[in-house]
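Peer 1: Quick one: sequence and predicted model below, then my questions.
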Amino acid sequence: MEVVELEPVVTDPLRAVVEKTSLGGGGPLNVVGLEQVISDRKRGRPALLALSLERSKWPERLQRPVILWIPEFLLEILGREAPDFVDWRSDTVHFPEERLSGVEAMDSSLWTGPRADQMPQRAREQRIAELESRLETTRESDDPLAREAQIRWLQELGDHLLFFGRLTDAEDTYRRAATVADELQDGRPSAASHFALSTSAARLGLYEEAENEARKSLEISESLNDGRSEVASCFQLGSLAAQRGDLASAEQWYLQSLGLLEELEDRPGMARSYHELGRVAEERSSYDEALDWYRKSLALLEELGDRSGMARSYFQLGKVAQERRSYREAQSRYIESLAISEELGDRSGMARAYYQLGRVAEERGSYDEALDWYRKSLTGFEELGELSGIARSSYQLGRVNQERRLFDEALGWYRKALTGFGELQDLWGRATSMSQIGIVLTEVGQPEQAVQWSLHSLAFRLELRVPEVEIDLHWLTRQREALGEERFSEIVREQLGEEPALNLLQMLEAFSGGEAAKD
């Protein structure tokens, strides 16, 4: 089978095909990449014109059957912009959307790369460019199929932008997806558009709005007896419930999805439901129950030959063993997950396994081994461009070096982690990194420099309303003891201003009194 791929710079598709093909070859000729040619409006116009004007030359120049592979939205554009060329076709074959795990619809027309969580940085950048090209190509289309495709592309584009820490761009992209879904609905009940609105709202952190839209999607799906759409809505509602900490509701939604999937005899979907039920049980520390669900998921995935799913199950089994401090078992499970990820070339899965193996080694006090694993995880995340993984690995490298009393190295890693968490706008990560910098500076006898870091960390943790504020109050108390009341108060006033400084000093007095009472 001969395949010719058109380059984006092509203005005359026929000439490009003739130059690339074997004229003496037999059998059908497959042509792909036309959507890249017409993605640029300025360059695409002569290409479309050439298709119509040179229609009769295709059989003359090629003398063999030609199969043109295009995404469905492009057929509508060709019908409008190159009608003579489209009318020349002998037949059109439509391939339906592929379903993955009974829940996620993949864009089967053009998705040829690895799954999103396995994509290296370069492939992800290429995917962003491809999605932007498709969106530009269909910008003025009124075709419902093209509009529905735009929603998927925008949501996927938002995910990639979020991965790179481009938060504002990602938010704008999700809102565009929600707008298209809203326009597509046009007053008509549509489970798909409500689901799209729910997905976009969830990615923007608008969880109440996301839940309302998911419920509307579910109601419409139930009225139409559309089992697969019901499953998607139940999964969405389960995920939203889990994110707000309502584990009981999350469990009920996942059980409802499992029942539907059993009726549909969708075994990949069932395996996913088992996995999510395991996550819920793990979250509420019901470890025996979590193990049961993960093992059921693993057994089904083994029957299905789903190696990627098996790697995820082994990984979660490792997490449960680690939570129970069964470090030998945890290490074994992570290594099983790592082996499959290596076999599949899943670099993201490999980096995650390295990281968890580092955590296991660190928790049992094997610091040299922990450093090796964390360095591997950092390298993997850097190759992928995964900011969150880079920041977390850097932070753990700081912790291990701090444990080894290598304070200069620890500070370097904490500062790198802080930069990453800052790009991600991760308040928790920033607070934790700042807190550790303050602690290390105090331990090396630099309390004056330490105060500002502890103050910044305290401010974030007060905003987050987390109990870790006591860590910062403890170290601020240590810094006050080292500096003396007068100098400490002076630094605090310089950092905060008069009134906030007074409030902090009162907070420290109350905290010191509480610690004294405990002693």
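Peer 2: Ah, there it is.

Peer 1: contacts, neighbours, all on C-alpha from now
Peer 2: OK.

Peer 1: tell me which element the closest residue to Pro447 other than its chain neighbours is part of?
Peer 2: Using CA to CA, 6 or more residues apart in numbering and skipping the chain neighbours, the partner closest in space to Pro447 is Gln479 (5.4 Å). Per DSSP states H and E, Gln479 falls inside helix 469-483.

Peer 1: And that helix, what does it pack against?
Peer 2: helix 427-443, helix 447-464, helix 498-518 (3 or more CA pairs under 8 Å, 6 or more residues apart in numbering; DSSP states H and E).

Peer 1: Map the structural domains onto the sequence of this protein.
Peer 2: 2-94, 119-265, 267-345, 357-412, 426-519 (automatic domain parsing).

Peer 1: Show me the one of those that comes nearest Gly420.
Peer 2: domain 357-412 (4.9 Å; CA to CA).

Peer 1: Take the domains of the chain and lay them out in CSV including mean neighbour count, distance to Gly420 and mean pLDDT.
Peer 2: Below are the domains of the chain laid out as CSV (neighbours: other CA atoms under 10 Å; distance: least, CA to CA, whole Å; pLDDT from 0 to 100):
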stretch, mean neighbour count, distance to Gly420, mean pLDDT
domain 2-94, 16, 34, 75
domain 119-265, 19, 9, 83
domain 267-345, 20, 24, 95
domain 357-412, 21, 5, 96
domain 426-519, 17, 9, 91
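
Peer 1: Redo those domains as CSV? Include distance to Leu418.
Peer 2: Output for these, formatted as CSV (distance: least, CA to CA, whole Å):
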stretch, distance to Leu418
domain 2-94, 40
domain 119-265, 14
domain 267-345, 25
domain 357-412, 7
domain 426-519, 5
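
Peer 1: Just tell me which of those ends up closest to Ala351.
Peer 2: Among those, domain 357-412 comes nearest to Ala351, with 4.5 Å by CA to CA.

Peer 1: end to end, how far does that closest one reach?
Peer 2: Terminal residues of domain 357-412 are spaced 22 Å apart (CA to CA, to the nearest Å).

Peer 1: still on that earlier bit, kindly reformat the helices and strands packed on helix 469-483 as CSV containing distance to Gly484.
Peer 2: Formatted as CSV, the helices and strands packed on helix 469-483 follow (distance: least, CA to CA, whole Å):
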stretch, distance to Gly484
helix 427-443, 14
helix 447-464, 11
helix 498-518, 13
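
Peer 1: what's Gln446 sitting at in phi/psi?
Peer 2: As for Gln446, its main-chain torsions (degrees, to the nearest 10) stand at phi -120, psi 60.

Peer 1: Now do the same contact list for it.
Peer 2: Under the criterion of CA atoms under 8 Å, 6 or more residues apart in numbering, Gln446 has no neighbours.

Peer 1: swap in Gln479?
Peer 2: 442, 447-448, 450-451, 488.

Peer 1: ditto for Glu343
Peer 2: By CA under 8 Å, 6+ apart, the contact set of Glu343 is empty.

Peer 1: Kindly state the beta-bridge partners for the closest residue to Lys20 other than its chain neighbours.
Peer 2: Excluding the flanking residues, the one nearest Lys20 by CA to CA, 6+ apart is Val4, at 6.6 Å. Beta-bridge partners for Val4, by DSSP bridges, are Val31.

Peer 1: Hmm, Val17 and Val4 touching each other?
Peer 2: Yes - assessed by CA atoms under 8 Å, Val4 is found in contact with Val17 at 6.6 Å.

Peer 1: joint contacts of the two?
Peer 2: Common neighbours of Val4 and Val17 are listed as Val31 (criterion: CA under 8 Å, 6+ apart).

Peer 1: which residues of the stretch 201-350 of the chain fall in helices?
Peer 2: Along the stretch 201-350 of the chain, counting by DSSP state H, counting those that start in this stretch, helices occupy 207-223, 227-243, 247-264, 267-283, 287-304, 307-323, 327-344, 347-363.

Peer 1: Surely Arg430 is in contact with Lys416?
Peer 2: No - applying CA under 8 Å as the test, Arg430 and Lys416 come out as separate, 10.7 Å apart.

Peer 1: pretty sure Pro8 is in contact with Ala16, am I right?
Peer 2: No - using CA under 8 Å, Pro8 is not in contact with Ala16; the gap is 11.0 Å.

Peer 1: Need the contact partners of stretch 27-43.
Peer 2: 1-11, 17, 44-45, 47-48, 64-71, 74, 133-134, 136-137.

Peer 1: Got the phi and psi for Val224?
Peer 2: No, residue 224 isn't Val; it's Leu. Backbone torsions of Leu224, given as degrees, to the nearest 10, read phi -90, psi 0.

Peer 1: Could you check how far it is from Ala191?
Peer 2: The gap separating Leu224 from Ala191 is 9 Å, by CA to CA.

Peer 1: what's the answer for Arg328, then?
Peer 2: 47 Å.

Peer 1: now swap in Ser512 and tell me
Peer 2: Remark: distance between Ser512 and Ala191 (CA to CA) = 57 Å.

Peer 1: before we move on, what SS does Pro467 have?
Peer 2: At Pro467 the chain is in coil, as set by DSSP: H, G, I helix; E, B strand; the rest coil.

Peer 1: And for it, nearest residue in space, chain neighbours not counted?
Peer 2: If the residues on either side of it in the chain are set aside, Pro467 comes closest to Arg461, at 7.9 Å by CA to CA, 6+ apart.

Peer 1: so who does the one you found touch?
Peer 2: Per CA under 8 Å, 6+ apart, neighbours of Arg461: 428, 431, 467-469.

Peer 1: Looking at these, which is nearest Trp153?
Peer 2: For the contacts of Arg461, the closest approach to Trp153 (CA to CA) belongs to Trp428, at 30.5 Å.

Peer 1: ok, the closest one touching Phe460?
Peer 2: Yes - counting by CA under 8 Å, Trp428 touches Phe460, with 7.5 Å between them.

Peer 1: so what sits against both of the two?
Peer 2: By CA under 8 Å, 6+ apart, no residue touches both Trp428 and Phe460.

Peer 1: that older thread, how much space separates the residue nearest to Pro447 from Gln402?
Peer 2: Separation of Gln479 from Gln402 (CA to CA): 18 Å.

Peer 1: What of Glu323?
Peer 2: Distance from Glu323 to Gln402, counting by CA to CA: 23 Å.

Peer 1: And for Ser273?
Peer 2: 41 Å.

Peer 1: ditto for Leu298
Peer 2: Using CA to CA, we find Leu298 at a distance of 38 Å from Gln402.

Peer 1: same deal with Trp253?
Peer 2: Trp253 is 44 Å from Gln402, by CA to CA.

Peer 1: where's the closest residue to Asn401 other than its chain neighbours, which helix or strand?
Peer 2: What sits nearest to Asn401 in space, not counting adjacent residues and going by CA to CA, 6+ apart, is Ala410, at 5.1 Å. Taking DSSP H and E as the definition, one finds Ala410 inside helix 407-423.

Peer 1: Give me the pLDDT value at Phe95.
Peer 2: pLDDT recorded at Phe95 is 59.

Peer 1: meant to ask about Ser109, not that
Peer 2: For Ser109, the model assigns a pLDDT of 30.
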